[in-house]
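Any chance you could fold what I've pasted below:
(chains A, B, C and D)
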Number of protein chains: 2
Amino acid sequence: MTAEASTPTGTGTGSPRGVTPGTPPLTERQEARRRRILHASAQLASRGGFEAVQMREVAEAAEVALGTLYRYFPSKIHLLVATMQDQLSHLHTTLRKRPPATSSPSERVAETLMRAFRALQREPNLADAMVRALTFADRSVSPEVDTVSRQTTAIILDAMGLTAPADRPTPEQLSAVRVIEHTWHSALITWLSGRASIAQVKIDIETVCRLIDLTAEEG
Amino acid sequence: MTAEASTPTGTGTGSPRGVTPGTPPLTERQEARRRRILHASAQLASRGGFEAVQMREVAEAAEVALGTLYRYFPSKIHLLVATMQDQLSHLHTTLRKRPPATSSPSERVAETLMRAFRALQREPNLADAMVRALTFADRSVSPEVDTVSRQTTAIILDAMGLTAPADRPTPEQLSAVRVIEHTWHSALITWLSGRASIAQVKIDIETVCRLIDLTAEEG
DNA sequence: CGCTAATCTAGAACAAGTTCCAGTGTTGAT
DNA sequence: ATCAACACTGGAACTTGTTCTAGATTAGCG
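The predicted structure follows:
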């Protein structure tokens, strides 16, 4: 029935392994288009942040018609959130390579997040575009935003040392992780809009990470 | 030199007392216009959230020309952030009336924030518009966003019992308060976009508020 | 190969935020 | 009372996200 497989509006975080269930597989050419679009998005975002990512320009840079762009990503927000998924999966694999060797879980998480922070710092405009899109997203983007949230959660749990599928985190730990995520996003925004210094962000990250030790003691 | 006083693009949180320094005073008619605009903004937001606040409609509802609206609030984001300042000052005075009588500071803060949360719950569309604007705001809105942040901080410090000017909060406490604010905003967004339940928000608020006890013990 | 259904392209068209302008009304000062 | 300076109005115009349409391409299938 479908020609180039069916509708490309799927998740596809760019995770190397795993067949992304539910998403009909894309043709090579379609996969290439998707990749070109995400690349153009990231490139434009790196230049001028959120506002520099203009749908017409993305389409042109990706050598794709405007209608096609909208077929792949139904809105600018969807596009930028997908861009964030993409970047986050890169970041996660990068972070995995050299896990922090600090003693306590809370310090490891804080260290990991500060590394991530420094990574984003290198492309503040890109970070701006992605995070603004993420927090501005409305219900229509919830599934995609949720994916980003799960990715972030995975990074944090990884840093805590909860990689084994056996030791599932307690509800308290999950709450602490959510709070850390909240703080992470919000602190990032605060820094990006010039209302907080890097030092302040560092302190706040370290502050919130203490919650991890708290839950560990009582659990 | 100026006719109806000078440019009305000022802060003016709507605080009843205090002369809002730096802001040139507005004529009565100007003050009335400003009030009409904010009222129209809140009304439209209550109906359909962020997207329902359309500048042309705000102008029409406030019986003001579009250009005038932009003279008072240089962008939709500015307008909504100012709306939030307005609502927050109402909220603050409301909360002051019946301070929670719970024992520990952290419980008082959690209780206060949950009250605020329930207040916003009554007008979820308005909350949506305001919070989305707040986190979407870029650098050009930093001063106004900062005012909102200070208002929120004041509410939290109030709940902690740090009203006396003598006992200034320690740096650790300030960091904890910032983290609580981050969590508050982000959790609100998560709830508004349907990605978290009220119960979850409650738990996360309580979780983050434990940081207060932490800083108190060590301080 | 030829058919069919779906995708992709190019471009017009629409929506809402923002800017601009010419004319009118108000205000404070002389 | 008059004047200059500024504010307000009404409306057009511009920008960018989004939608729509007609026609050219492509993929899968007999």
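
quick one: contacts for the nearest residue to A:Thr102 once chain neighbours are set aside?
Residue nearest to A:Thr102 in three dimensions, not counting chain neighbours: A:Arg108, with 4.9 Å by C-beta to C-beta, 6 or more residues apart in numbering or on different chains. Every residue, glycine included, has its C-beta placed from N, CA and C. Counting by C-beta atoms under 8 Å, 6 or more residues apart in numbering or on different chains, A:Arg108 touches A:Pro99, A:Pro100, A:Thr102, A:Ala159, A:Met160, A:Gly161.

While we're on A:Arg108, how confident is the model there?
Reported pLDDT at A:Arg108 in the predicted model: 94.

A:Ser193 now?
In this prediction A:Ser193 is given a pLDDT of 95.

which regions of chain A sit below the pLDDT cut-off?
A:1-7, A:9-24, A:163-166, A:217-219 (pLDDT under 70).

where do the helices sit along it?
Per DSSP state H, chain A carries helices over the ranges A:28-48, A:55-61, A:66-72, A:76-97, A:105-121, A:124-136, A:142-160, A:171-192, A:198-218.

counting contacts, what elements does the second one pack onto?
Judged by 3 or more C-beta pairs under 8 Å, 6 or more residues apart in numbering or on different chains; DSSP states H and E, helix A:55-61 is in contact with helix A:28-48, helix A:66-72, helix A:76-97.

So it, near DNA strand D or not?
Yes. Using C-beta under 7 Å from any atom of the strand, helix A:55-61 reaches DNA strand D at A:Met55, A:Arg56.

can you list contacts of that helix?
Outside helix A:55-61, the residues within contact range by C-beta under 8 Å, 6+ apart are A:36-37, A:40-41, A:43-44, A:65-66, A:68-70, A:76, A:79.

Put the buried members of the residues you listed into a PyMOL selection.
Paste this into PyMOL to select the buried members of those, with burial taken from 16 or more other C-beta atoms under 10 Å in any protein chain shown:
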select buried, chain A and resi 36+37+40+41+43+44+68+69+70+76+79
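
Check the contacts of helix A:55-61 one by one and keep those near DNA strand D.
A:Leu66, A:Tyr70, A:Lys76.

just checking, A:His92 touches A:Ala154?
Yes. With contacts counted by C-beta atoms under 8 Å, A:His92 reaches A:Ala154, the gap being 6.9 Å.

Let me see the contact set for the nearest residue to A:Asp128 once chain neighbours are set aside.
Nearest residue to A:Asp128 in three dimensions, chain neighbours excluded: A:Gly49, at 4.2 Å (C-beta to C-beta, 6+ apart). Shown in contact with A:Gly49 (C-beta under 8 Å, 6+ apart): A:Pro124, A:Asn125, A:Leu126, A:Asp128, A:Ala129, A:Arg132.

quick one: A:Gly49 and DNA strand C, what's the gap?
Taking C-beta to the nearest atom of the strand, to the nearest Å as the measure, A:Gly49 falls 15 Å from DNA strand C.

Would you quantify the distance from that residue to B:Ala62?
32 Å (C-beta to C-beta, to the nearest Å).

Let me know which of the helices and strands packed on helix A:55-61 is tucked in deepest.
Ranked by mean neighbour count, the helices and strands packed on helix A:55-61 are led by helix A:76-97 with a mean of 19 (mean count of other C-beta atoms under 10 Å in any protein chain shown).

Who are the packing partners of it?
helix A:28-48, helix A:55-61, helix A:105-121, helix A:124-136, helix A:142-160.

Can you name the residues in contact with the last one?
Here helix A:142-160 makes contact (C-beta under 8 Å, 6+ apart) with A:11, A:13, A:78, A:81-82, A:84-85, A:88-89, A:91-92, A:95-96, A:99-100, A:105, A:108-109, A:111-113, A:116, A:134, A:137, A:163, A:169, A:173, A:177-178, A:180-181, A:184, A:212, B:193-195.

can we see that at 6 Å?
A:81, A:84-85, A:88, A:92, A:105, A:108-109, A:112, A:137, A:177, A:180-181, B:193-195 (C-beta atoms under 6 Å, 6 or more residues apart in numbering or on different chains).

how far does it sit from the chain's center?
Its chain's C-alpha centre and that of helix A:142-160 lie 8 Å apart, by C-alpha atoms, centre = their mean, to the nearest Å.

That one near DNA strand D at all?
No. Applying C-beta under 7 Å from any atom of the strand, one finds helix A:142-160 out of contact with DNA strand D, separated by at least 13.5 Å.

between that helix and helix A:124-136, what angle do the directions make?
Here helix A:142-160 runs at an angle of 120 degrees relative to helix A:124-136 (axes from the mean of the first three to the mean of the last three C-alpha atoms, to 10 degrees).

could I get helix A:142-160 in PDB with only the CA atoms?
In PDB, the C-alpha atoms belonging to helix A:142-160 read as follows (Å, rounded to 0.1, in the frame of the first residue of the first chain):
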ATOM      1  CA  SER A 142       4.000  15.000  25.100                       C
ATOM      2  CA  PRO A 143       5.100  11.600  23.700                       C
ATOM      3  CA  GLU A 144       8.300  13.100  22.300                       C
ATOM      4  CA  VAL A 145       9.000  15.200  25.400                       C
ATOM      5  CA  ASP A 146       8.400  12.100  27.500                       C
ATOM      6  CA  THR A 147      11.100  10.300  25.400                       C
ATOM      7  CA  VAL A 148      13.500  13.100  26.200                       C
ATOM      8  CA  SER A 149      12.600  12.800  29.900                       C
ATOM      9  CA  ARG A 150      13.300   9.000  29.800                       C
ATOM     10  CA  GLN A 151      16.600   9.600  28.100                       C
ATOM     11  CA  THR A 152      17.600  12.100  30.800                       C
ATOM     12  CA  THR A 153      16.400   9.800  33.500                       C
ATOM     13  CA  ALA A 154      18.500   7.000  32.000                       C
ATOM     14  CA  ILE A 155      21.600   9.200  32.100                       C
ATOM     15  CA  ILE A 156      21.000  10.100  35.800                       C
ATOM     16  CA  LEU A 157      20.300   6.500  36.800                       C
ATOM     17  CA  ASP A 158      23.400   5.500  35.000                       C
ATOM     18  CA  ALA A 159      25.400   7.900  36.900                       C
ATOM     19  CA  MET A 160      23.900   6.700  40.100                       C
END
